[in-house]
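A.B. asks: Any chance you could fold what I've pasted below:
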Amino acid sequence: MDKASVIGSALMFGIIALVFWKATHGHLEALWSDKGFYMVVVGTAAVIFMAMPMERIVGAMGYIKAFMFHKGQSPVQVVKTINSLSDKARREGILSLEPEVAKLSDTFLAAGLKMAIDGVDPDSIESTLRMEVMSMQERHKSGKKFFDLIKVYGPGLGLVATLIGQVGMFSALGGSIEVMGHALAVAVVATMYGALMANAVAGPIGDKLALRSSQEILTREMVIQGILSIQAGDNPRVTLDRMLAFVPTPQRGQFKAAA
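C.D. replies: From the prediction side, this is the model:
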C-alpha cells in the first residue's frame, strides 16, 4: 500500500469533514442537495460513459487500486537487480540466469531476460519490449483520462446546476423567501460538489497516476538497457554505469562505493 496516498486521502477527507462540521455547526444535512447530486455526480457518470468505451470504464476499480497500491520497483531496486544478474552472467555465463527467471517478480524483466537467454536477436528483444511499454502507456492513459473527465466536467456540471438554481431563484422573486433560499442553496451546493470532485478527488488521483506511469516507463527503459547490456556480455561495471544514468545523482554514491 502506498503510504503517501493513504495519508493524503485521510488528511483530505478529515479536513473536509472538519470544515463541514464547523461551517454547519453540526447540521450536515444543510450540505445535501438531491438536485445538485443528480446534476453533478450522476451527470459526471453520464459524461464518462459518453466519452470512454465500456471496456475502459470497467477498469475504474483498477485505476483506484493503482492509486492506493504501488507494486512497481523503484529505479534503485532495478539497478540492484540488474547489477546482480549482470555479475552472475559475467562470471557463470548467461545460461546461468535461467533459474533466476522464475524467481523474478517483475514479469517484464523475466520475459526480456528469457528471450536473452534463448539467444533471441537483440533488435527483436528491444522491439518486443518496447511494444509492451507502448501497450502499458495506453492502459495508463485510460486511467488518467478517467479522472481527467471528472476533473473537467464535474465543476462544469456544477456550474450548470448553479445556473439552474439561479433561474429558479429569479423566477421566485417577490414570492416566498423559503423558495428563493432553497433555489440559492441548490446553486451553491452543486458548485461545491463539482469543486470537491475535481480538487479533492479526481485531480490528485489523476496526477498520482501520471507520476506512477512516468516512473514505470523509466524503470522499464532501465530494464531494456540492462537486458541488452547483459546479452552483449558487457562488463558489470559498464552495465552499472548505464543503469546509474537513470538514477538521481545523490543516490549513485552507494553503488559507486560498492563497485
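
A.B. asks: residue contacts, residue 136?
C.D. replies: Counting by C-beta atoms under 8 Å, 6 or more residues apart in numbering, residue 136 touches 216-217, 220. C-beta coordinates here come from the backbone N, C-alpha and C atoms, glycine included.

A.B. asks: State the phi and psi torsions of residue 213.
C.D. replies: Torsion angles at residue 213 (phi, psi; degrees, to the nearest 10) stand at phi -60, psi -40.

A.B. asks: got the contact list for the closest residue in space to it that isn't next to it in sequence?
C.D. replies: Nearest residue to residue 213, sequence neighbours excluded (C-beta to C-beta, 6 or more residues apart in numbering): residue 140, at 3.9 Å. Contacts for residue 140 were tallied using C-beta under 8 Å, 6+ apart; they are 209-210, 212-213, 216.

A.B. asks: quick one: which helix or strand includes residue 140?
C.D. replies: For residue 140, the element it lies in under DSSP states H and E is helix 122-171.

A.B. asks: any low-confidence regions in the stretch 51-200 of the chain?
C.D. replies: Applying pLDDT under 70 to the stretch 51-200 of the chain flags residues 172-183.

A.B. asks: Grab the most central residue of this protein for me.
C.D. replies: residue 209 (1.4 Å; C-alpha atoms, centre = their mean).

A.B. asks: how about that one, secondary structure?
C.D. replies: helix (DSSP: H, G, I helix; E, B strand; the rest coil).

A.B. asks: Provide a list of residues in contact with it.
C.D. replies: Residue 209 sits next to 63, 66-67, 140, 143-144, 147 when contact means C-beta under 8 Å, 6+ apart.

A.B. asks: now residue 219
C.D. replies: 72-75, 78, 246.

A.B. asks: What is the burial count for the closest residue to residue 94 other than its chain neighbours?
C.D. replies: Excluding the flanking residues, the one nearest residue 94 by C-beta to C-beta, 6+ apart is residue 117, at 5.8 Å. Residues within reach of residue 117, counting by other C-beta atoms under 10 Å, total 20.

A.B. asks: Residue 117 and residue 11, how far apart?
C.D. replies: 47 Å (C-beta to C-beta, to the nearest Å).

A.B. asks: Which stretches in this structure count as strands?
C.D. replies: Applying DSSP state E to the chain gives no strands.

A.B. asks: Show me it divided up by domain.
C.D. replies: For the chain, automatic domain parsing gives the domain ranges 1-31, 33-75+123-258.

A.B. asks: from these, which stretch is densest packed?
C.D. replies: Comparing the domains of the chain by mean neighbour count (mean count of other C-beta atoms under 10 Å), domain 33-75+123-258 comes out on top with a mean of 17.

A.B. asks: ok, residue 134 - contacts?
C.D. replies: Counted by C-beta under 8 Å, 6+ apart, residue 134 has zero contacts.

A.B. asks: 10 Å instead, please
C.D. replies: Neighbouring residues of residue 134 by C-beta atoms under 10 Å, 6 or more residues apart in numbering: residue 217.

A.B. asks: Would you check how far apart it and residue 217 are?
C.D. replies: For residue 134, the distance to residue 217 - C-beta to C-beta - is 10 Å.

A.B. asks: Ok, residue 85 next?
C.D. replies: Applying C-beta to C-beta to residue 85 and residue 217 gives a distance of 21 Å.

A.B. asks: so who does residue 224 touch?
C.D. replies: 108-109, 112, 125-126, 128-130, 132-133.

A.B. asks: What are the contacting residues of stretch 116-131?
C.D. replies: 85, 89, 93-98, 100-101, 108-109, 111-115, 220-221, 223-232.

A.B. asks: Wait, residue 28 touches residue 21, no?
C.D. replies: Yes - in this structure, residue 28 is within contact of residue 21 by C-beta atoms under 10 Å, at 7.0 Å.

A.B. asks: which one of the contacts of residue 224 sits closest to residue 5?
C.D. replies: Comparing the contacts of residue 224 against residue 5 with C-beta to C-beta places residue 108 closest, at 23.0 Å.
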